[in-house]
Structure formats: structure tokens, C-alpha cells
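Engineer: Coordinates for the following, if possible.
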Amino acid sequence: MNRNDEPDISYDPEDDRVPLRDGSSGRDEFSEQDVSPEEDAVVLRPSLSAPAWIRWAQLVRLPAVFTVIAQVVVAWVVAAGDPAVAIAAWPRGAMVLLAAIAIYWSGMILNDLWDFEEDSRERPQRPLPSGQISIGVARSAAWGLWLVSVTLGIASGFVPLADHPPTFAPGLIGVVLAICVVLYNGPLKPTGLAPATMGVCRALCFLLGAAPLVPLGAADLLTPQVGFAPHLLAIAGGFGLYITGITFLSRLETGMPAGGSVDLNIGLGLTLVGAAVLASAPRVAPAGFWMFEADLRYSFLVGLITLPVLMRGLRISVASRPEAIQNVIRSGVLNLIPYSAAIMLLIAGPWWGLAVFGLAIAAMLTARRLRVT
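Structural biologist: The predicted structure is shown next:
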């Protein structure tokens with residue numbers, strides 16, 4: 001709470017500065033830029049009076065959830081093969097979408113729980129180290145969402161649909177995804193396997209969206225059939241490689257070592273490979289599957305979507321300020337929405353593509369006040 005003799009400072013989640021009011025030099029510890037006298041005149045601490053929804057929205061990185069929605073919705077429509085079929089099967093689609101959102105938010109909270117000590121030193125303004133949300137409540141929320149996600153994923157495969165038999169596919173994908181989320185935020189996070197694990201999580205997120213329409217075992221346990229089409233697997237692989245690259249870049253979030261970084265080179269390389277796979281993956285589908293041909297125009301569109309991330313990534317090799325690196329990560333993560341919109345354009349036409357792209361507007365508006373990374 002603010003003292004009576006101090007100005008009421010509202011919480012700005014984008015402010016990564018360490019609050020100082022102790023007569024020190026007034027340097028910003030993270031950006032290594034001079035703090036202006038006006039900024040040094042007050043203590044910029046997160047306000048416990050901030051609305052609860054803002055605290056939770058920051059903890060779960062609300063802007064990034066729109067990327068999950070985009071991936072799941074597009075996977076759902078591609079698996080259906082036609083927007084009309086996807087709409088008719090909406091009960092399963094709604095359940096699997098909620099499952100994907102729940103596991104994503106669970107992972108975001110587990111990430112901050114695992115990083116609590118590091119954030120206390122380097123990012124004390126975040127919801128947990130600043131005391132805006134208690135550790136116990138956050139832990140309960142994380143595991144509660146984890147269980148909700150697994151439950152919804154399993155149940156989504158058994159919602160009765162006239163043209164689709166029950167399936168274990170979403171339950172299987174959902175359980176594997178939930179395990180990978182725990183592994184990434186726990187034992188694998190400090191290791192070199194962390195970026196690849198995060199890439200697997202994003203690939204599984206896409207497959208989770210398609211899974212309720214994929215036959216797997218429930219119709220006949222003695223002769224299980226796995227029906228993930230090759231183009232679905234190829235698109236999921238593209239998303240996975242792309243996010244693996246972005247995750248390598250995220251390791252530089254607090255600054256890049258002098259002389260460059262292997263993570264930067266690997267990250268940019270995998271990001272480009274992932275984008276290239278996304279540009280070519282639709283061609284794996286049978287002839288006539290897409291409403292619009294996945295020709296060079298589609299590949300050119302994917303290239304245009306990738307270009308800003310690539311340019312920002314090349315710049316940080318010269319000017320490696322933490323803010324510049326965070327901008328690359330933020331734009332790289334949010335790029336999942338226009339990639340998904342491009343795929344939706346192929347399967348359902350421009351209006352559906354624009355509807356998915358509209359999620360980018362929601363993400364950018366919320367990202368003005370809430371952190372993505």
C-alpha cells in the first residue's frame with residue numbers, strides 16, 4: 001500500500017527497472033541506461049492495490065494466450081477439412097480449446113514458481129516476487145489448471161458426434177503435453193533440452209486442436225487407428241521448430257554475452273527453418289484439399305510474416321540491449337497468430353483468415369500493458 005506522504009504510483013507491467021531510492025547512481029540495472037531525474041524521484045514498485053484480474057493476467061501472460069487460440073482453432077478447421085464440418089462438431093472443439101488454454105496458463109504460472117528466486121533478484125516487479133499473488137495460491141492455481149486441462153482433453157474425445165466416433169487422441173496428446181509442460185518448467189529448464197521441449201509443447205498444442213476429430217482406439221481397441229494426416233504433422237513440426245528457435249533467443253532475455261552468443265545463432269537458424277517448414281507443409285496434403293492452392297504466393301506470405309522477426313534478430317547481434325531482445329521474443333511469439341491466419345486462409349478462405357488474424361489485434365492491445373515473455 002502507498003504511504004500517505006508518497007504519490008500513488010500505479011503498476012506498469014512493462015517497467016522492468018529495479019526500483020531504487022537509496023541515493024545510488026540511478027542506473028537501470030537491466031538496460032544499463034541512465035534513469036532520468038523524474039524517474040528516479042519516486043519508487044516504482046508494483047502496487048498491491050492493482051485489480052486482481054490485472055495481477056493474474058500478468059502472471060499468465062494474457063497476450064500470449066491468443067497464440068494458443070489461433071493454433072487450436074486453425075488445427076480444428078484443418079482436421080475437419082471444411083469450416084462447416086468444424087462448426088457442426090463445435091462441442092468437442094470448445095472443450096479442447098479450453099483444455100489448451102488451461103495447460104498454457106498452468107505452464108505460465110509454473111514457470112514463475114520455478115523461477116521465483118531468479119525473478120526476485122532480476123525481475124522483482126513480477127507478480128510473485130512482488131507479493132501481488134501469494135506462492136501458495138499460485139501453486140494451487142497452476143496444478144488446478146493442469147488437472148482441468150487433462151480432464152477436458154480426455155473428455156473432449158468422447159462427446160457424442162454423429163459423424164465422428166469416440167477417440168482417445170485428445171486424451172493422449174493432452175497428457176503428453178501436460179507432462180512436457182512440467183518437464184520444461186521443472187527439471188529440463190536449466191538444461192540444453194529446454195528449447196526443444198518448448199518446441200514439442202507448441203507442436204502438441206497444434207495437434208491437440210486437431211485431436212478430437214482423429215480416430216484413435218476408442219472405436220475398436222483391438223485395432224487402434226492413428227489418423228493424424230501428414231500435413232497436420234508437418235504443420236505441427238513447423239510450429240515446433242519455430243518456437244524452439246524463439247526459445248533459444250529467450251535465453252538472452254536479460255542480456256547477451258560480449259562477443260555474441262551461440263544461442264543467438266541457433267535461435268535465428270531454427271526460427272528460419274521452422275518458418276520454411278510452415279511455408280512448405282501444406283503441400284503435403286492431397287491435391288484439392290485446400291480451398292486455395294498452397295503455391296508460391298502462400299510461401300511469400302509466410303516469408304513476409306517472418307521478415308520482421310529476422311530483421312530484429314539480426315539487429316540484436318549489434319545492439320544487444322535486453323529491451324531489444326525482449327522485443328524479438330515478443331514479436332516472435334505473437335507471430336504464431338499470422339502464421340495460423342495464413343493456414344486458415346488456405347483451408348477456409350480470406351474471411352476466416354482475417355478472423356484469426358484479428359486475434360493479433362487483441363494480443364497487441366493487451367501487450368501494451370501486459371508482458372508477453
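
Engineer: What's the first helix or strand after the helix or strand where Thr247 lies?
Structural biologist: For Thr247, the host element (DSSP states H and E) is helix 230-250. Under the assignment DSSP H and E, the closest C-terminal helix or strand after helix 230-250 is helix 262-280.

Engineer: So Lys189: helix, strand or coil?
Structural biologist: What DSSP: H, G, I helix; E, B strand; the rest coil gives for Lys189 is coil.

Engineer: I'd say it and Trp114 touch.
Structural biologist: Yes. Using CB atoms under 8 Å, Lys189 is in contact with Trp114, at 6.2 Å. C-beta: built from backbone N, CA, C; applies to glycine.

Engineer: so where's this structure uncertain?
Structural biologist: Within the chain, the stretches with pLDDT under 70 are 1-49, 217-226, 253-260, 319-320, 373.

Engineer: Give me the domain ranges for it.
Structural biologist: The domain map for the chain lists 1-50, 51-367, with the assignment taken from automatic domain parsing.

Engineer: can these go into CSV with extra columns for mean neighbour count?
Structural biologist: Formatted as CSV, the domains of the chain follow (neighbours: other CB atoms under 10 Å):
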stretch, mean neighbour count
domain 1-50, 13
domain 51-367, 19
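
Engineer: Just checking the distance from stretch 158-176 to the centre of its chain.
Structural biologist: On the basis of CA atoms, centre = their mean, to the nearest Å, stretch 158-176 sits 24 Å off its chain's mean C-alpha point.

Engineer: same deal with stretch 312-319?
Structural biologist: In this view, stretch 312-319 has its centroid 22 Å away from the chain centroid, taken as CA atoms, centre = their mean.

Engineer: How about stretch 293-305?
Structural biologist: Counting by CA atoms, centre = their mean, stretch 293-305 comes out at 23 Å from the chain centroid.

Engineer: ditto for stretch 264-278
Structural biologist: When C-alpha coordinates are averaged (CA atoms, centre = their mean), stretch 264-278 and its chain have centres 17 Å apart.

Engineer: Kindly report the same for stretch 345-358.
Structural biologist: Relative to its parent chain, stretch 345-358 has a centroid offset of 20 Å by CA atoms, centre = their mean.

Engineer: Can you show me the CA trace of that stretch as PDB?
Structural biologist: These are the backbone C-alpha positions of stretch 345-358, laid out as PDB (Å, rounded to 0.1, in the frame of the first residue of the first chain):
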ATOM      1  CA  LEU A 345      -6.800 -18.700 -45.400                       C
ATOM      2  CA  LEU A 346      -5.800 -21.800 -47.300                       C
ATOM      3  CA  ILE A 347      -8.400 -24.100 -45.800                       C
ATOM      4  CA  ALA A 348     -11.400 -21.700 -45.300                       C
ATOM      5  CA  GLY A 349     -10.900 -18.500 -47.300                       C
ATOM      6  CA  PRO A 350     -10.000 -14.900 -46.600                       C
ATOM      7  CA  TRP A 351     -12.800 -14.100 -44.100                       C
ATOM      8  CA  TRP A 352     -11.800 -16.900 -41.800                       C
ATOM      9  CA  GLY A 353      -8.200 -15.900 -42.200                       C
ATOM     10  CA  LEU A 354      -9.000 -12.300 -41.300                       C
ATOM     11  CA  ALA A 355     -10.900 -13.500 -38.300                       C
ATOM     12  CA  VAL A 356      -7.900 -15.400 -37.000                       C
ATOM     13  CA  PHE A 357      -5.600 -12.500 -37.800                       C
ATOM     14  CA  GLY A 358      -7.900 -10.400 -35.600                       C
END
